[in-house]
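S.K.: please find the sequence and the predicted model below.
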Amino acid sequence: MTFTGAHKEIPIADVHIPYSFEYADAATREADASLIVDDEGKFARQLDDDSIWMLTDYTGPTWIAVGSSLELATVAEAGTGTNNTKAVTPAGLFGASVDVASATPDIGAAASLFVRITGTTTITAFDNVAAGIRRIGYFAGALTLTHNGTSLILPGGANITTAAGDGFEAISLGSGNWKVVFYQKADGTAIVGGAGPTPPTQIDATDISGCVNWIDLDQESGSEGDAIGTLSDFSASNNDATQGTGANKPILRLNVANGKKGAYFDGSNDYLTYGTNIDLPTTHTILIVMAPMTKGAYSALLQYKQQGIYQSINGTPSWGIYRSGDGICDFVAGGQPQVVGLWGNSNSDYDFIHNYLRKVGTNTNSFTSASTSYLGTDALAVGVQVHAGYLFEVRIYDNKIAEADLYASIDWLLYKWRGLIRQ
C-alpha cells in the first residue's frame, strides 16, 4: 500500500502510518495551540525519539502513543477511568471480580468492571467518580439499598432489600451520583417497585349512618365445608339470617375471594331466612358482594318486603334484589366477586349498581307472597328461585347514602374482596 503523504514505518509490524504533523519533541507537540476538533484522530511524528502519536482531544491537547511506544492501561486505570492516554486491552478492562465492602461501597474505585458487594451495612450512596463509569456486580448477602432520587436512583423508585446472588448494573452520573439501570433478583421474582396506587380507606358498613343489616363472611368463623346455619348481622339490628334444614344450608368455603371466606349457594335449594323482616323506606341503599356461578330464571339474592323486580339478559329473567319497584342490573355469570345493589330516592327514582356502573331502574314485577325477608331466594318461590354461586357481604341502609360514601364503599369492597385499586 502506498501513501502519498508523509509516513513512518513501524518496524515491529512492518506497518506504515501516515501522519499529519511533525514535532521536534514532546514539549512542542503538547504545546500546539493551532489544533482544531477536526484534527482529532490524526497522527503526529515526534522527531527526537521517532515516535508516533494520535490526537484524542485537541483542547489539551491530549495524545496517545502508537506503535512501539504504546502504553497499556492497568486494570485499575481501565476500571476507574483515571487515565485517558493509554490503550485498553481486554485483560485490562475485564479483570476478575473485586470484593467491595458495603460499609465503604466504593464500587467506582474498584480495579475491575465486576464487583461483589459483601457485608450487611445499609448502602445510601456509592463513591464519587467520573460520569460514565459502569459497574456490574452482585450481592453476597442481605442488605438495604436506599433509594434517592439524585444520588442513588433505584428501579421502581423505592428501597431494595438484597439477597445473596442478586445482580445489578450501575452507571456513575458524576459528583457522587449513581443510577442502577438494571436489577435482577436471584430467585427470579420482581424487585419491590414504587409505592404504587394507594389502597382505599377501609369503610365498615356501620361507618355510614343508617346501616340496618350487615352480613360479612370475612367476620364469620368456621371450617372448610361447614354447613351454614346462621349468618350474623354485624349491625346494631342483630337481625341474623338462619336456616335450620340441613339440605337448604349454604356451605362455607375458605380462601375463595382474595384469601377470604364465602358462602356457597348450590343453585338448587339453598337459602336463609331473616329473623325480622326487612321493611325499608322507599329511600334506601343496598350493596351486595357476590360471584354468580350460573344464571337461572329469577335467581334471587335478597328478598325484602313482598314485591320485587328482576333484570333480564336477552329477554330471559336472570336474577334480582326484590322489593316493590326496585331491582338490580344484570351481569355475566362466573368470575370474580362483583358489587351489585340499589341506590334510590323512591320506587320510581333509583339506580342499579354494578361495580362502578349505575343504571336507571326500569323493570317491576308484583308478588303476592308474604313479606318474609330472605337471603338467596325470593318470596314467590322460596327455595326454588334461588341464587347459584357465592355470597360474600351484604350492606343495607334505610337511606340513600351520600354519593361519596357510595363510591368509597364500592372502592373498599372491590379492594377487600378482589384486591382491586381504582386509579
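M.R.: Yes, it's here.
S.K.: quick check: bridge partners of Tyr397?
M.R.: Cys211, Thr285 (DSSP bridges).
S.K.: ok, it - how many residues close by?
M.R.: Tyr397 has 26 neighbours, counted by other C-beta atoms under 10 Å. For the C-beta atoms, the positions are set from N, CA and C on the backbone; glycine is no exception.
S.K.: so where's the stretch 251-400 of the chain uncertain?
M.R.: 294-299, 305-335, 346-349, 361-371 (pLDDT under 70).
S.K.: just the strands in it please.
M.R.: Ranges of strands in the stretch 251-400 of the chain, per DSSP state E, counting those that start in this stretch, are 251-257, 260-266, 272-274, 284-292, 299-303, 311-313, 316-322, 338-346, 349-354, 357-360, 374-375, 388-397.
S.K.: out of those strands, which comes closest to Pro197?
M.R.: For those, the distance to Pro197 is smallest for strand 338-346, at 18.4 Å, taking C-beta to C-beta.
S.K.: could you measure from the residue lying closest to Asn248 once chain neighbours are set aside over to Ile17?
M.R.: Nearest residue to Asn248, sequence neighbours excluded (C-beta to C-beta, 6 or more residues apart in numbering): Asn269, at 5.3 Å. Applying C-beta to C-beta, to the nearest Å, the value for Asn269 to Ile17 is 97 Å.
S.K.: now Ala205
M.R.: 86 Å.
S.K.: mean confidence for stretch 212-219?
M.R.: Mean pLDDT, computed over stretch 212-219, is 96.
S.K.: circling back: output the strands of the stretch 251-400 of the chain as TSV; include the columns distance to Glu169.
M.R.: Putting the strands of the stretch 251-400 of the chain into TSV (distance: least, C-beta to C-beta, whole Å) gives the following:
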stretch	distance to Glu169
strand 251-257	40
strand 260-266	41
strand 272-274	60
strand 284-292	45
strand 299-303	55
strand 311-313	54
strand 316-322	55
strand 338-346	44
strand 349-354	48
strand 357-360	46
strand 374-375	58
strand 388-397	46
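S.K.: among these, which is the most enclosed?
M.R.: Greatest average neighbour count among the strands of the stretch 251-400 of the chain goes to strand 299-303 (a mean of 28), per mean count of other C-beta atoms under 10 Å.
S.K.: pull the CA atoms of that strand into CSV?
M.R.: Presented in CSV, the C-alpha positions along strand 299-303 are these (Å, rounded to 0.1, in the frame of the first residue of the first chain):
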residue,chain,number,x,y,z
SER,A,299,-82.1,-16.1,40.6
ALA,A,300,-82.7,-14.2,43.8
LEU,A,301,-80.1,-12.6,46.1
LEU,A,302,-82.2,-10.8,48.6
GLN,A,303,-86.0,-10.6,49.3
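S.K.: separation between Trp63 and Gly344?
M.R.: Where Gly344 is concerned, Trp63 sits at a distance of 86 Å (C-beta to C-beta).
S.K.: same question, Gln385
M.R.: 23 Å.
S.K.: can you give me the helices for this protein?
M.R.: Applying DSSP state H to the chain gives helices spanning 26-30, 75-80, 90-93, 403-418.
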